[in-house]
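*Asks:* Provided below for reference: sequence and predicted model.
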Amino acid sequence: MRLRNILVLVGLLFVGSGCSVIGKVSEATLEAGTIGWKLQPISVRKSYPEFIQKVYFTAELFTSDATDWEIYLVSKKPLEALSDSAYIELSYQRDEEMVAGQFPLILVSQHTESSTAAYRYKYKLAKQAQEFFSEGMLLRLSRRAKTIRFNYLQPLFDSPVVEHGITSLDAHVEYALLPDYGPLSLGDFMRKLSYLDDDDWVKFCSDPHYIYDKTSACGEVSINEQEDSLNSL
């Protein structure tokens with residue numbers, strides 16, 4: 001890819017302190033900058049340096065159609081009747097306000113993995129999510145809002161009791177918001193997003209709003225208080 005195209009996308013994906021860019025112009029430039037990239041086979045896209053991959057992966061995501069996204073819920077126990085009653089929350093921050101909308105998830109398929117004996121549920125977003133996503137990204141590209149919180153996307157259910165039961169099933173979410181790349185673990189997905197800095201990772205890992213297993217992104221820490229007390233003597 002040409003360096004000029006990369007620099008254009010970097011300028012659009014990261015908020016600068018100097019000039020103001022009109023959203024529609026930014027959106028058109030971003031879409032134009034990703035056309036050649038997306039025409040390349042996925043194996044070629046993965047051969048570029050990591051920084052370039054992250055920039056273009058994020059650009060693809062920003063210009064994607066939310067109804068093409070695929071989200072997988074993988075659980076050690078079956079969801080049974082709950083599997084077709086999930087929804088998702090899209091959200092972004094505008095000034096000090098968190099703007100959020102809830103949209104149904106459509107259950108596309110379900111099966112049991114023979115290798116792990118886990119129950120795998122594949123979901124896609126209902127079409128009404130696209131309007132909210134487009135509006136949020138337009139605000140982001142015109143520097144009037146922070147981007148959609150992609151790493152917070154997760155299947156949710158109406159009852160808090162049900163949600164507690166789901167998390168106790170040792171379940172995790174995998175992301176194929178760009179299906180060409182296949183399902184990605186939460187950690188792998190977040191590492192492909194060019195705009196997340198260290199503070200964003202720390203905030204996410206300590207935020208109870210995300211109810212599923214975050215080990216692939218945040219690691220797992222086990223503290224033995226008794227042992228620590230003995231070691232401090």
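*Replies:* All right, it came through fine. Values in this document were obtained by computation on a predicted structure and should not be read as measured data.
*Asks:* pLDDT wise, what is residue 163 at?
*Replies:* At residue 163, the predicted lDDT confidence score is 63.
*Asks:* residue 138 too?
*Replies:* At residue 138, pLDDT is 82.
*Asks:* now swap in the one 5 residues further on and tell me
*Replies:* With respect to pLDDT, residue 143 has a value of 79.
*Asks:* likewise the one 3 residues further on?
*Replies:* Reading off the confidence values, residue 146 has pLDDT 84.
*Asks:* doesn't residue 172 make contact with residue 185?
*Replies:* Yes. Using C-beta atoms under 8 Å as the test, residue 185 is close enough to residue 172 to be in contact (7.5 Å). No exception for glycine: its C-beta is placed from N, CA and C like everyone else's.
*Asks:* any common contacting residues for these two?
*Replies:* residue 216 (C-beta atoms under 8 Å, 6 or more residues apart in numbering).
*Asks:* for the nearest residue to residue 181 once chain neighbours are set aside, grab the count of nearby residues.
*Replies:* Distance criterion C-beta to C-beta, 6 or more residues apart in numbering; nearest residue to residue 181, sequence neighbours excluded, is residue 42 at 6.7 Å. Per other C-beta atoms under 10 Å, the neighbour tally for residue 42 reads 12.
*Asks:* hang on, isn't residue 42 packed against residue 178?
*Replies:* No. If you go by C-beta under 8 Å, residue 42 and residue 178 don't touch, sitting 9.5 Å apart.
*Asks:* hang on, the earlier thing: ramachandran angles for the residue nearest to residue 181?
*Replies:* Per-residue torsions, residue 42: phi -60, psi -30 (degrees, to the nearest 10).
*Asks:* from residue 174, how far off is it?
*Replies:* Going from residue 42 to residue 174 by C-beta to C-beta, to the nearest Å gives 17 Å.
*Asks:* low-confidence regions, the protein specifically.
*Replies:* Where the chain drops to pLDDT under 70, the residues are 1-33, 159-165, 167-168, 221-233.
*Asks:* which residues of it fall in strands?
*Replies:* Applying DSSP state E to the chain gives strands spanning 70-75, 87-94, 97-112, 119-125, 172-176, 184-185.
*Asks:* switch those over to TSV; also include distance to residue 58 and mean neighbour count.
*Replies:* What follows is the strands of the chain, written out as TSV (distance: least, C-beta to C-beta, whole Å; neighbours: other C-beta atoms under 10 Å):
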stretch	distance to residue 58	mean neighbour count
strand 70-75	18	20
strand 87-94	15	18
strand 97-112	20	14
strand 119-125	19	21
strand 172-176	13	20
strand 184-185	13	18
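*Asks:* so which of those strands comes closest to residue 51?
*Replies:* Taking C-beta to C-beta as the criterion, strand 184-185 is the member of the strands of the chain that comes nearest to residue 51, at 18.0 Å.
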